[in-house]
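Enquirer: Generate coordinates for the sequence data below:
(4 chains)
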2 protein chains.
Amino acid sequence: MATGRTHRPATRSRGIPEATVARLPLYLRALTALSERSVPTVSSEELATAAGVNSAKLRKDFSYLGSYGTRGVGYDVEYLVYQISRELGLTQDWPVVIVGIGNLGAALANYGGFASRGFRVAALIDADPAMAGKPVAGIPVQHTDELEKIITDNGVSIGVIATPAGAAQQVCDRLVAAGITSILNFAPTVLSVPDGVDVRKVDLSIELQILAFHEQRKAGEEVGAPEEAAGAVPPPPVAPHRAPPGAPGADSGRQGPDGDVPAVMPA
Amino acid sequence: MATGRTHRPATRSRGIPEATVARLPLYLRALTALSERSVPTVSSEELATAAGVNSAKLRKDFSYLGSYGTRGVGYDVEYLVYQISRELGLTQDWPVVIVGIGNLGAALANYGGFASRGFRVAALIDADPAMAGKPVAGIPVQHTDELEKIITDNGVSIGVIATPAGAAQQVCDRLVAAGITSILNFAPTVLSVPDGVDVRKVDLSIELQILAFHEQRKAGEEVGAPEEAAGAVPPPPVAPHRAPPGAPGADSGRQGPDGDVPAVMPA
DNA sequence: CCATCTTTGTGCACGCGTTCACAAAGACAT
DNA sequence: ATGTCTTTGTGAACGCGTGCACAAAGATGG
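Expert: You can find the predicted model right below:
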């Protein structure tokens, strides 16, 4: 997958493992589809297949929520949809603000899916004065100066950061100071936040790099062990200080726009 | 984080744990920043802080790549940048195709960051005939009919799916049939692929739901145990078949555009 | 009311990943 | 050279997550 866990090792609330929480949305999606087809009940086997997981894992996940199944029959779809929604807190309204209305921010704002499942775009915020007032997805963009006021007035607790990497930490600090306790970060930076604030990150660059790693591995196995040019692994730095011995100019002069691109970006 | 792992449990190639591979891009990013500031060496402690991880973890991660550090000094920045880049396969060119040029697809295409780190957008593909030929981010969009030809002609092995959920599996099948072995999926669907094909997914909806879960938990702890309205947990379905007893109409009639939205979307 | 058959819920074992804690390696000063 | 001080590399313990396999629960049919 393309997401990454951040800090906060075990959030184990009432005993629900973090790994299970991460799968609940998957089950919910599959169940919603079944619900729309008016399927009354579903077995762990069927649902597991639909969600792309192991049936034993699914049953164990559900066991953390309680015993909602009926042996010999399976799970009641509607009931399970309700239970999971409630457990995830989707039965209530979650106002969300998106900061950084560039290409990605605009795409996220236009993304109608927000409305369903209890998430509502309360405001769009951007630092560019030229953007102020301009409607994006039917919502007028507001200037960063209004950030604090917007957060408090709307009781927003979830913020989405889609700014360039350079502005992310600063925006993050302001969001947290204004009372936000959950952040979804699209900027390619490590955000530092105080305890009690959750951060999850979405990073296209990292995902691509992980895929490249496996891709290279696959290609390498086929041939035997091509391992780059010739001398497999260049010898470690013998004279550690100053310029490294074996390090070729491969990545030299690699600055450019790197490190300040809008949302999801390499490195 | 906002990404999710898909199938392929242990990819443990030459002994590099999957968890370590997922962190290498993080280290690389921090190292690149240091490199640009011309910092010659860095200790595991400093680098770990910059990457937002534990120093012991970082050292163990690097130990899988080999002994590239110097005791009493730290790691040579340039050398490490090279080693990690090579390990991740970033020293070679990776042509990528983006399928589904809607809001998100366009945002990804416009995202200049692709260029750095060896990733190159080889083509943009969309099913809408009206989009054909229209340039997005300077690259003319091509029709889906050309998909197979584009893949083979350019030797593309990595594909990005940014189509509506309904079209994702179909597009995925065609990509795989055409020879693609790595897929980054932005559509809110579980893709099934044959062995040997890696899939990673980015799902805004799931990330938001996970944040909502923790947010609800935080709010609940403060007050005591508000747990919804009154009767904490509605009794389990006594008459399992037919309509579930306690299930309120909370999520009823929840179809709408759900399940066919462009890229990242709820449920 | 009993037998059979389906499917859940979970005890258990295993493996991966994380973290601690420290010995060894090497830089640096004297 | 020798000693001190810094920092790496890793052995070992621990905990979480996964998957197997099965007993118990309940539906269903006679």
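Enquirer: For the stretch 1-150 of chain A, which residues are neighbours of DNA strand D?
Expert: Counting by CB under 7 Å from any atom of the strand, the positions of the stretch 1-150 of chain A adjacent to DNA strand D are A:10, A:12, A:17-20, A:53-54, A:56-57, A:59-60, A:70-73. C-betas here are computed from N, CA, C, even on glycine.
Enquirer: so which of the residues you listed are also by DNA strand C?
Expert: For DNA strand C, the contacts drawn from these by CB under 7 Å from any atom of the strand are A:Ala56, A:Arg59, A:Lys60, A:Thr70, A:Arg71, A:Gly72, A:Val73.
Enquirer: in stretch A:192-200, what's buried?
Expert: The neighbour-count criterion (16 or more other CB atoms under 10 Å in any protein chain shown) identifies A:Val193, A:Val197, A:Asp198, A:Val199, A:Arg200 as the buried residues of stretch A:192-200.
Enquirer: Just the buried ones from the ones next to DNA strand C among the residues of the stretch 1-150 of chain A next to DNA strand D, in ChimeraX syntax?
Expert: Buried members of those, identified by 16+ other CB under 10 Å, are gathered into one ChimeraX selection as follows:
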select /A:59,70
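Enquirer: Tell me if stretch A:132-145 is near chain B.
Expert: No. In terms of CB under 8 Å from any CB of the partner chain, no part of stretch A:132-145 sits within range of chain B; the closest distance is 9.1 Å.
Enquirer: neighbouring contacts of that stretch?
Expert: Residues from elsewhere that reach stretch A:132-145 (CB atoms under 8 Å, 6 or more residues apart in numbering or on different chains): A:99, A:101, A:105-106, A:109-111, A:121, A:123-127, A:129, A:131, A:150, A:171, A:174.
Enquirer: For DNA strand C, see how far away A:Leu47 is.
Expert: 7 Å (CB to the nearest atom of the strand, to the nearest Å).
Enquirer: from what I can see that residue touches A:Gly69, true?
Expert: No. The criterion here is CB atoms under 8 Å, and A:Leu47 misses it with A:Gly69 at 10.2 Å.
Enquirer: Find the residues that touch each one of the two.
Expert: Jointly contacting A:Leu47 and A:Gly69 under the rule CB under 8 Å, 6+ apart are A:Tyr75.
Enquirer: can you give me the helices in the stretch 1-150 of chain A?
Expert: Assigned by DSSP state H, counting those that start in this stretch, the stretch 1-150 of chain A shows helices spanning A:18-36, A:44-51, A:55-65, A:77-88, A:103-110, A:147-154.
Enquirer: relative to helix A:55-65, how tilted is the longest one?
Expert: With axes from the mean of the first three to the mean of the last three CA atoms, to 10 degrees defining the directions, helix A:18-36 sits at 100 degrees from helix A:55-65.
Enquirer: in helix A:18-36, what's buried?
Expert: By neighbour count on 16+ other CB under 10 Å, the buried set for helix A:18-36 is A:18, A:20-35.
Enquirer: What of the fourth one?
Expert: By neighbour count, and taking 16+ other CB under 10 Å as the criterion, the buried residues in helix A:77-88 are A:Val77, A:Glu78, A:Tyr79, A:Leu80, A:Val81, A:Tyr82, A:Gln83, A:Ile84, A:Ser85, A:Arg86, A:Glu87, A:Leu88.
Enquirer: List just the nearest of the residues you listed to chain B.
Expert: For those, the residue nearest chain B by CB to the nearest CB is A:Tyr79; the value is 3.5 Å.
Enquirer: could I get the buried residues of stretch A:192-200 as CSV with pLDDT and distance to DNA strand D?
Expert: Formatted as CSV, the entries for these read as follows, by pLDDT from 0 to 100; distance: CB to the nearest atom of the strand, whole Å:
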residue, pLDDT, distance to DNA strand D
A:Val193, 97, 21
A:Val197, 97, 20
A:Asp198, 98, 15
A:Val199, 98, 17
A:Arg200, 98, 15
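Enquirer: Now render those residues as TSV, adding distance to DNA strand C and secondary structure.
Expert: What follows is the buried residues of stretch A:192-200, written out as TSV (distance: CB to the nearest atom of the strand, whole Å; DSSP: H, G, I helix; E, B strand; the rest coil):
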residue	distance to DNA strand C	secondary structure
A:Val193	16	coil
A:Val197	18	coil
A:Asp198	16	strand
A:Val199	15	strand
A:Arg200	15	strand
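Enquirer: The lengthiest strand in chain A near chain B anywhere?
Expert: Scanning chain A for the longest strand, with DSSP state E as the assignment, gives strand A:119-126. Yes. Taking CB under 8 Å from any CB as the criterion, strand A:119-126 and chain B are in contact, through A:Phe119.
Enquirer: same check, this time on stretch A:73-92
Expert: Yes. Using CB under 8 Å from any CB, stretch A:73-92 reaches chain B at A:73, A:76, A:78-79, A:81-82, A:85-92.
Enquirer: Going by neighbour count, which residues of stretch A:45-62 are buried?
Expert: Within stretch A:45-62, the residues that qualify as buried are A:Glu46, A:Leu47, A:Ala48, A:Thr49, A:Ala50, A:Ala51, A:Gly52, A:Val53, A:Leu58, A:Arg59, A:Asp61, A:Phe62, counting by 16+ other CB under 10 Å.
Enquirer: show me the contacts for the closest residue to A:Leu175 other than its chain neighbours.
Expert: Beyond its immediate neighbours in the sequence, the residue positioned closest to A:Leu175 (CB to CB, 6 or more residues apart in numbering or on different chains) is A:Gly159, lying 4.5 Å away. Contact analysis of A:Gly159 by CB under 8 Å, 6+ apart lists A:Val96, A:Val97, A:Ile98, A:Val99, A:Ile151, A:Leu175, A:Ile180, A:Ser182, A:Ile183, A:Leu184.
Enquirer: Repeat the analysis, applying 7 Å as the threshold.
Expert: Counting by CB atoms under 7 Å, 6 or more residues apart in numbering or on different chains, A:Gly159 touches A:Val97, A:Val99, A:Leu175, A:Ile180, A:Ile183.
Enquirer: and it, backbone torsions?
Expert: With angles defined as degrees, to the nearest 10, A:Gly159 shows backbone torsions of phi -120, psi 140.
Enquirer: what bridges to it?
Expert: Counting by DSSP bridges, A:Gly159 is bridged to A:Val97, A:Ile183.
Enquirer: do you know how far it is from DNA strand D?
Expert: In this structure, A:Gly159 and DNA strand D are 25 Å apart, going by CB to the nearest atom of the strand.
Enquirer: Buried ones among the contacts of stretch A:132-145?
Expert: Burial by neighbour count, 16+ other CB under 10 Å: within the contacts of stretch A:132-145 this picks out A:99, A:101, A:105-106, A:109-111, A:121, A:123-127, A:131, A:150, A:171, A:174.
Enquirer: Can I get the residues of stretch A:73-92 next to chain B in JSON lines including pLDDT?
Expert: As requested, these are arranged in JSON lines below (pLDDT from 0 to 100):
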{"residue": "A:Val73", "pLDDT": "97"}
{"residue": "A:Asp76", "pLDDT": "98"}
{"residue": "A:Glu78", "pLDDT": "97"}
{"residue": "A:Tyr79", "pLDDT": "97"}
{"residue": "A:Val81", "pLDDT": "97"}
{"residue": "A:Tyr82", "pLDDT": "97"}
{"residue": "A:Ser85", "pLDDT": "97"}
{"residue": "A:Arg86", "pLDDT": "96"}
{"residue": "A:Glu87", "pLDDT": "97"}
{"residue": "A:Leu88", "pLDDT": "97"}
{"residue": "A:Gly89", "pLDDT": "96"}
{"residue": "A:Leu90", "pLDDT": "96"}
{"residue": "A:Thr91", "pLDDT": "95"}
{"residue": "A:Gln92", "pLDDT": "94"}
